[in-house]
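A.B. asks: Can you look at this prediction? I've put the sequence above it.
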Amino acid sequence: MRRSLLVVPLLVLALAGCASAGDPDQQRALEVPEASALEPAVNPVVDPWAGLPTLIDADWAGRTAEATGIPRRAMLAYGGAAVYVANQNPSCNLGWNTLAGIGEMESHHGTIFDGAIEDDGLVTPPIYGIALDGADTHTIPDSDKGAIDGDPEWDRAVGPLQFIPDSWQNWGTDGSGDGAVDPHNFDDAVLATANYLCHAGGDLSLDDNWRAAIAAYNDAAPYAEGVAEYAIRYSNEASTS
């Protein structure tokens, strides 16, 4: 059954046929990461909306980026999204490290294919997944006439967090504060991911809920393992910075 959000990561397309992350044996083996603390104090969400990077302390982002190897501009988005969720949906308990784990799995934090995140959040060059024509992936015919993914025959995952077009139409949001909603903008994509994880899992401090949220994002068991491993590693590295 097709999920409301189906993200097919560039790095694990071959795993699409693997066991679900909800498999009982997998649940016993998977160590679920705790939400990593945000220090020092962060800023509240205000109107007018100025974007995720304004919510997080830039010095913290720089130190954490240096400790983890995550690009500083990506850290501003991950940390800002965690602050946003803590303000707007505090019962979700989403950690920046979970978002960073997903960002690593999907596109190496926007740097796959020698890409980079510009100061305004735009990822260049744009990231497009392969055609979802059923050969090595789920079969997903075109849903947007190529408007989002440039392919009028098959859908493709788009942007640093790899949304398919109809999922972006449902969950796309302005995370950068520029008034636009763009899957190639790192802030927009990270905030859309954060909102979806909270929707899919509820309270992500509960192990089963965290697993459910990741499985809703991508249901390949090795994907959940990878997200958890990176999230735990990043949290440990940040704690020593």
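C.D. replies: Structure received.

A.B. asks: Tell me who's in contact with the closest residue to Asn43 other than its chain neighbours.
C.D. replies: Spatially, and ignoring its direct neighbours in sequence, Asn43 is nearest to Leu55 (5.1 Å; CB to CB, 6 or more residues apart in numbering). C-beta here means a position set from N, CA and C on the backbone, and glycine is covered the same way. Leu55 makes contact with Val42, Asn43, Pro44, Val45, Gly79, Gly80, Val83, Tyr84 under the criterion CB atoms under 8 Å, 6 or more residues apart in numbering.

A.B. asks: What of Asp119?
C.D. replies: Arg73.

A.B. asks: Can you tell me the element it falls in?
C.D. replies: When elements are assigned from DSSP states H and E, Asp119 belongs to no helix and no strand.

A.B. asks: One more: Val123?
C.D. replies: strand 123-124.

A.B. asks: so how far is that strand off the chain centroid?
C.D. replies: The chain centre lies 16 Å from the centre of strand 123-124; the measure is CA atoms, centre = their mean, to the nearest Å.

A.B. asks: Show the average pLDDT along stretch 136-148.
C.D. replies: Summarised as a single mean, pLDDT over stretch 136-148 is 93.

A.B. asks: Show me what counts as buried in it.
C.D. replies: Thr137, His138, Ile140, Asp142, Ser143, Asp144, Ile148 (16 or more other CB atoms under 10 Å).

A.B. asks: Okay, strands next: where are they in the chain?
C.D. replies: Taking DSSP state E, the strands of the chain run over residues 116-117, 123-124.

A.B. asks: for the ones you listed, which one ends up most surrounded?
C.D. replies: strand 123-124 (a mean of 19; mean count of other CB atoms under 10 Å).

A.B. asks: That one - contacts with which helices or strands?
C.D. replies: Applying 3 or more CB pairs under 8 Å, 6 or more residues apart in numbering; DSSP states H and E, one finds that strand 123-124 contacts strand 116-117.

A.B. asks: Save the strands of the chain as JSON lines, and put in distance to Ser235 and mean pLDDT too.
C.D. replies: JSON lines is the format used below for those (distance: least, CB to CB, whole Å; pLDDT from 0 to 100):
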{"stretch": "strand 116-117", "distance to Ser235": "21", "mean pLDDT": "98"}
{"stretch": "strand 123-124", "distance to Ser235": "24", "mean pLDDT": "98"}
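
A.B. asks: would CSV of the ones you listed with distance to Tyr196 be doable?
C.D. replies: As requested, those are exported to CSV (distance: least, CB to CB, whole Å):
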stretch, distance to Tyr196
strand 116-117, 20
strand 123-124, 19
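
A.B. asks: on that earlier part again, ok, so of the buried residues of stretch 136-148, who is nearest Gly226?
C.D. replies: Thr137 (17.7 Å; CB to CB).

A.B. asks: pretty sure the closest one contacts Ile130?
C.D. replies: Yes: at 6.9 Å, Thr137 counts as touching Ile130 under the criterion of CB atoms under 8 Å.

A.B. asks: can you tell me how far Ile56 sits from Gly121?
C.D. replies: In this view, Ile56 and Gly121 are 13 Å apart by CB to CB, to the nearest Å.

A.B. asks: Equivalent analysis for Glu237, please.
C.D. replies: 24 Å.
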